[in-house]
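Visitor: Quick one: sequence plus predicted model below, questions after.
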Amino acid sequence: MLDFAYARHRMVERQLAARGVGDRQVLDAMGEVPREAFVPDGMEEFAYEDSPLPIESGQTISQPYIVGLMIQAAGIRPGERVLEVGAGSGYAAAVMSRIAQAVYAIERHEPLTRLAQSRIDRLGYDNIHLKTGDGTRGWADAAPFDAILAAAGGPEVPAALKAQLAIGGRLVMPVGEEPRLQRLKKLTRISQAEFREEDLGEVTFVPLIGEQGWGEDEQRRPPEPRSFRAPSPAASIPKLIAHAAEPLPDLDDPAFGALFDRFAKAKVVLLGEASHGTSEFYRARAAITRRLIEHHGFKIVAVEADWPDAAHFDRYVRHLPPPKHDEPPFRRFPTWMWRNAEVEGFIEGLREWNLARAPDARAGFYGLDLYNLSASIRAVLDYLDRVDPQAGDIARQRYGCLTPWAKNPQSYGRMALSAGYRACEEGVVRTLTELLGNRPEYVKADGTAFLDAMGNARLVKNAEAYYRAMYYGSAESWNLRDTHMFETLCSILDSQGPDAKAVVWAHNSHIGDASKTEMGTEREELNIGQLCRERFGAEAALIGFGTHAGTVACASDWDEPMEVKPVNASLPDSYERLAHEAGVGRFLLDLREGAHDELRHRLLEPRLERFIGVIYRPETERWSHYVACSLPQQFDAYVWFDETTAVKPLLTEARPGAEETYPFGL
C-alpha cells in the first residue's frame, strides 16, 4: 500500500526543492494538493513519479517539477487573481488555488473540464472557476489578471492574453516557431504598452490550439515531455551497433555459451532479463551458466528467488535428501517465474552434471530474495530443534510476534506503525546474531544445513525490516531488499572460500548499476549490481538483456492470473529501438571501455530503457515500464533478442510419484 502523504513529501523535497524550486508557498501548496486525485483510475501508483502522465482525451498531466517551476516563475501571491490556459486534469489550478485568491482556468476539451470540475468539487477548492473554450482568447469578463500561465505552446504569446494582464502582472508560457521547438518565456507587464521578457529555458509542451495559436490542421503533436533530456537523433548509431554486434548462434549450440568466456575471470557474473516471463532470457542464462560451471569453475548459481524455495532445488541438484518441511516450492504468485519448462531443463541438466562429481565439487542453486517468511521461520526452528533445542524454544518465542503475519506479511507494515514492532525487530536480530555466534559448533554437525539455517534467519530479520519499510512505498524498501540479496550472495561466496565464483540471475533493474540510471539519480535507489561493482570492481561482470517485441508471460496486477501478452514495439527514444534498427536478430554487444569506444561514447547520454516485471501494463507502458539509463555505464555487455516468446509455465498441481520427483512434482 503506497503512503501518498509520504510520497508527496518526497516529491516536494527531492523533485522540487532539490532542483531549485525554493518558493515556500509553492512547495507548501504542492505538498498539500493530492496529485493522485488528478490522474485516471489505475494510474494512482505513478502519481508522484518525476514524469508527466497520460490523462483523458489524449492529454497529459505535467511533470511535477514543471508545474512547480512555472508557478514559481509567475510569482503568484495571496490575494491575486490567476488565469490558467489549458486546465487539463485541474491539478495546476488546484495548486495555485492554495496560494491565490481566485483561479480562472480554461480547457479546450469539454470532457476534461467536467472531470476537473468534479475533482475540484470533491476536494472543496471553491476559489477555482472552470470553463470550456478557446484559451488563446483568455477570459475577458474576469480580467485583468495578476498572473497568467499557459500549459501549451504557441507560435507567439496571444495578444488577448497580453491585453488581459494587469500592470505588474506576470505571464509564463512556452513559445516556439515550430510546435516541437519551444522556449519557456516569462513576460512582465511594465506599462500599458511595455513588457519585459525573460527566457527560462527549453521545454516541450502540447500545442496551443486556438484562434491566436496553432490551427487544428497545423497540429503536429510533439512527444510527451520527459523528466530527462533526450539525446539528439543519430542515424549512425544503429549502424555502429550492427558493426559492433557479435551475432549469437542458436541457444542450443555450445558455441553460444563460449562467446561469454571473456567474463570467465570475474568473481561474479550477473545475468539480467528485461522481463520475468521471456523464454529466450532464461534459456540464454542457462547456456551461459552451464559454460561457466563446466569450463571455468563457477559453483554458485544465485537467483532472484526466495531462499527456502530455492533450497528445494539446491538439494535436488546436489543429490541431497528433501528438507524436513514439505511445503512445495514456488507455489505462490508468480508461479511461472521459476516453475517453467526453461528452468526445469536447466535444473535437470545441473543435477545430471553434479552426479559425476564429488559432493564438495558440485554446483549449488541458491535464492537471494526475502519473501517466503513463513517457510524461513519454519526452517530456522526445524534446524535449531535438531542441533540446539533450547535455542529453538527461545527462537520460537521471539518469532511469535511475526507468526500471525507470516502468511500475509504485507499487513505487518501497517501493524508496525505501533511501538509494538520493536519486540519483533529485536527478537529476529538476536536470533540471527546468536546463530552466527554459535557457528563453529553448529558447522561441525552439518555445514550445509548451517548455511541454509543462516540464510533463512537472515531472511526473517531483513523481511521484518522490509515489510515495515514497504508500507511507506519509498526507496528504502527497495534498498533493503537489494542489500539483503547482496549480503546473501556475499555470505554464500564466503562459505565456499576465497576462490568461490558465482553466477547471478536477476532482473535488469537489479543487476544493472542503478547509479547509472534514473533509479539511482532521481529515486535514490541502489541495487545488487551497483553493490557488486563497489565490492568486487572489475571482478563483477554486469550483463543486461533486451528485446524489441514478441510475447511475455505476465499478470495485469499482483495475484492475478498469468496471461501471455504481446509486447509493444519499443519506443522511438529507447535503446531497444536503436538495437532493433541495427537489423541483427540476436547479438552480444561488449560495452566495456576499449571494445567499441566510438559506439560506447555515442550511447552514454541517457535514453529510455524498458523494464517489464511480473506485472505488464501495455496501456501505460511509457510511464510504468520505461526509465532513463546510460546503457554503457549500467552494463558491461548487452544481449539482444529482437523478437522473443513467453516462458512455458509448468502445472502447479503435484502429481503422484516417487520422492525423487521433487522439487517440480511432475
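Guide: Good, I have the coordinates. What you see is a predicted model; the values in this text were computed from it and never measured.

Visitor: Low-confidence stretches in the protein?
Guide: Within the chain, the segments meeting pLDDT under 70 span 1-2, 178-181, 216-235, 323-327, 372-380, 383-384, 395-448, 456, 459-475, 652-666.

Visitor: Go again with 50.
Guide: 219-235, 405-406, 410-422, 470-473, 654-666 (pLDDT under 50).

Visitor: can I assume Ser574 is in contact with Arg607?
Guide: Yes. In this structure Ser574 lies within contact range of Arg607 using C-beta atoms under 8 Å: 6.0 Å. Where C-beta positions appear, they are placed from N, C-alpha and C, glycine not excepted.

Visitor: continuing past whichever strand or helix holds Arg577, what's the next helix or strand?
Guide: Using DSSP states H and E, Arg577 sits in helix 575-581. Next along the chain after helix 575-581, taking DSSP H and E as the criterion, comes strand 586-590.

Visitor: and Ala255, that one's in a helix?
Guide: Yes. According to DSSP: H, G, I helix; E, B strand; the rest coil, Ala255 belongs to a helix.

Visitor: show me what contacts the nearest residue to Gly20 once chain neighbours are set aside?
Guide: Among residues not flanking Gly20 along the chain, Leu69 sits closest, at 7.9 Å (C-beta to C-beta, 6 or more residues apart in numbering). Contact analysis of Leu69 by C-beta atoms under 8 Å, 6 or more residues apart in numbering lists 20-21, 184, 200.

Visitor: can you put the residues you listed in a markdown table and add distance to Arg351?
Guide: Formatted as a markdown table, the contacts of Leu69 follow (distance: C-beta to C-beta, whole Å):
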| residue | distance to Arg351 |
| --- | --- |
| Gly20 | 58 |
| Val21 | 58 |
| Leu184 | 62 |
| Leu200 | 64 |
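
Visitor: Looking at those residues, which one is closest to Asp385?
Guide: Using C-beta to C-beta, Val21 comes nearest to Asp385 of the contacts of Leu69, at 58.0 Å.

Visitor: Return the subset of the contacts of Leu69 lying in strands.
Guide: Among those, the residues falling in strands (DSSP state E) are 184, 200.

Visitor: can the contacts of Leu69 go into JSON lines with extra columns for distance to Ser279 and neighbour count?
Guide: Listed next are the contacts of Leu69 as JSON lines, based on distance: C-beta to C-beta, whole Å; neighbours: other C-beta atoms under 10 Å:
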{"residue": "Gly20", "distance to Ser279": "47", "neighbour count": "10"}
{"residue": "Val21", "distance to Ser279": "46", "neighbour count": "21"}
{"residue": "Leu184", "distance to Ser279": "47", "neighbour count": "21"}
{"residue": "Leu200", "distance to Ser279": "49", "neighbour count": "14"}
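
Visitor: so which of the contacts of Leu69 would you say is closest to Gln59?
Guide: The closest of these, once distances to Gln59 are taken by C-beta to C-beta, is Leu184, at 18.8 Å.

Visitor: Next, work out how far apart the nearest residue in space to that closest one that is not next to it in sequence and Phe145 are.
Guide: Closest residue to Leu184 in three dimensions, ignoring its sequence neighbours and counting by C-beta to C-beta, 6+ apart: Leu200, at 4.0 Å. Distance from Leu200 to Phe145, counting by C-beta to C-beta, to the nearest Å: 19 Å.

Visitor: Same question for Glu593.
Guide: 56 Å.

Visitor: repeat for Pro54
Guide: 29 Å.

Visitor: Tell me which of those two has more neighbours.
Guide: Taking other C-beta atoms under 10 Å, Pro54 and Phe145 do not tie; Phe145 has more neighbours (25 against 18).

Visitor: what is the residue nearest to the more buried one when sequence neighbours are not counted paired to in the beta sheet?
Guide: Nearest residue to Phe145, sequence neighbours excluded (C-beta to C-beta, 6+ apart): Leu83, at 4.4 Å. Beta bridges link Leu83 to Tyr104, Ile148, judged by DSSP bridges.

Visitor: Contacts for the host helix or strand of Gly349, please.
Guide: Secondary structure from DSSP H and E places Gly349 in helix 341-355. The contact list for helix 341-355, computed with C-beta under 8 Å, 6+ apart, reads 279, 282-283, 286, 289-290, 293-294, 301, 313, 316-319, 362-363, 365, 647-650, 663-664, 666.

Visitor: any idea how far the helix or strand that that helix is followed by is from the chain center?
Guide: Following helix 341-355 in sequence order, the next helix or strand is strand 364-369 (DSSP H and E). On the basis of C-alpha atoms, centre = their mean, to the nearest Å, strand 364-369 sits 22 Å off its chain's mean C-alpha point.

Visitor: How about residues contacting strand 364-369?
Guide: 299-311, 313-314, 317-318, 347, 350, 455, 481, 484-485, 488-489, 492, 504, 506, 528.

Visitor: ok, back up a step: tell me how far the residue nearest to Leu184 lies from Ile66.
Guide: According to C-beta to C-beta, Leu200 and Ile66 sit 11 Å apart.

Visitor: Val639 and Ile511 touch, don't they?
Guide: No. Counting by C-beta under 8 Å, Val639 does not reach Ile511; the two are 11.9 Å apart.
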